[in-house]
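Engineer: fold the following, please.
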Amino acid sequence: MTDQSETLDERLDGEVLRLRRSGRAFARISRDLELKRPVDAQRAFQRAVRRLPEGEQEAVREQESSRLDRLAEQVSADEGSSAEDRARRLVAIERLRNLLTPEPSA
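Structural biologist: Numbering: from 1, shown residues only. The predicted model follows:
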């Protein structure tokens, strides 16, 4: 990988972080930035957070955790969808929450 491509990756990660902090969903971010899948936006977000100073990382993680809390509440209260659909969506939210946990230092 060249220095130039790393710079492009860092810019992409930073843009994903900016869009996510503004409230955009990973699916929308992936469409807007022409990424292949929402998981690509999730990974870019995780990389961007890891590059932040420790205090900023914690602030972003708290913001994201609050966002996921609100989303889980909305899903749980959605009486228009089946219990199976709500459960599936809550599992996906929990998966995102688990991604917030910082990786242990080596």
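
Engineer: any idea which helix is longest in the protein?
Structural biologist: The longest helix of the chain (DSSP state H) is helix 54-77.

Engineer: that one packs against which elements?
Structural biologist: With contacts defined as 3 or more Cβ pairs under 8 Å, 6 or more residues apart in numbering; DSSP states H and E, helix 54-77 has these neighbours: helix 3-21, helix 38-51, helix 83-99. Every residue, glycine included, has its C-beta placed from N, CA and C.

Engineer: any idea which of those helices is most buried?
Structural biologist: helix 38-51 (a mean of 18; mean count of other Cβ atoms under 10 Å).

Engineer: just want the angle from that one to helix 83-99.
Structural biologist: Angle, helix 38-51 to helix 83-99, by axes from the mean of the first three to the mean of the last three Cα atoms, to 10 degrees: 30 degrees.

Engineer: show the average pLDDT along helix 38-51.
Structural biologist: For helix 38-51, mean pLDDT is 94.

Engineer: how far off centre is it?
Structural biologist: Relative to the centre of its chain, helix 38-51 is centred 7 Å away, using Cα atoms, centre = their mean, to the nearest Å.
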